[in-house]
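Novice: Need a 3D model of the sequence below.
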Amino acid sequence: MSTDLERLDELKVALSYGEQVADAFGFFHDTFLSDPEFAGAGEAVTEAPAGLMTALEAIGRRGLGVPTEEPVIADLRLARIPARHFVYGTGTLSGYLVTVLLFEDANLGAVAVKRDETKVLYSRFALTPSAAPGATAPPPHWFRRQGRN
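Specialist: Numbering: from 1, shown residues only. Down below sits the predicted model:
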């Protein structure tokens with residue numbers, strides 16, 4: 001099976017307009033993660049995209065209720081497909097396994113947080129670009145807890 005990276009446009013539409021973020025993650029898993037060639041299509045990200053860490057921290061604090069003094073994000077491993085402005089990866093968010101999807105050109109992303117064997121918290125987020133070069137990106141301009149399956 002050959003990876004058709006243009007199908008990432010379908011994923012972007014699903015994240016932008018789909019009612020259930022879970023459907024977008026299902027599409028990502030079924031279309032891309034089941035294809036061994038997909039892993040070779042990306043390059044390792046050495047520095048997280050601007051605003052992503054702020055967004056994940058906000059999701060951890062607001063969505064998971066993590067106290068301010070506790071660290072939120074650990075072991076974040078990301079890959080980028082530059083031609084499609086797409087970043088994806090996994091890590092831990094407040095001790096829970098998390099999967100991250102981000103379209104850098106649209107400043108649109110989503111996370112799936114595995115709370116336990118049967119519960120997953122999904123959240124879609126948008127990043128607001130920082131006004132000045134080198135400035136710290138502000139937190140996501142909206143946060144919506146979509147629900148659990």
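Novice: wait, doesn't residue 72 sit right on residue 61?
Specialist: Yes - at 6.7 Å, residue 72 counts as touching residue 61 under the criterion of Cβ atoms under 8 Å. The C-beta positions use only the backbone N, C-alpha and C, and glycine is treated the same way.
Novice: Around residue 40, how many other residues sit close by?
Specialist: Residues near residue 40, counting by other Cβ atoms under 10 Å, number 10.
Novice: Just the C-alpha atoms of the helix or strand hosting residue 122, please, in CSV.
Specialist: Applying DSSP states H and E as the criterion places residue 122 in strand 120-126. C-alpha atoms of strand 120-126 as CSV (Å, rounded to 0.1, in the frame of the first residue of the first chain):
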residue,chain,number,x,y,z
VAL,A,120,-10.6,8.7,25.5
LEU,A,121,-10.9,12.5,25.8
TYR,A,122,-10.8,14.3,22.5
SER,A,123,-10.1,18.0,22.1
ARG,A,124,-9.7,20.2,19.1
PHE,A,125,-7.7,23.4,19.3
ALA,A,126,-6.7,26.4,17.3
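Novice: Before I go, just wanted to say thanks for your time.
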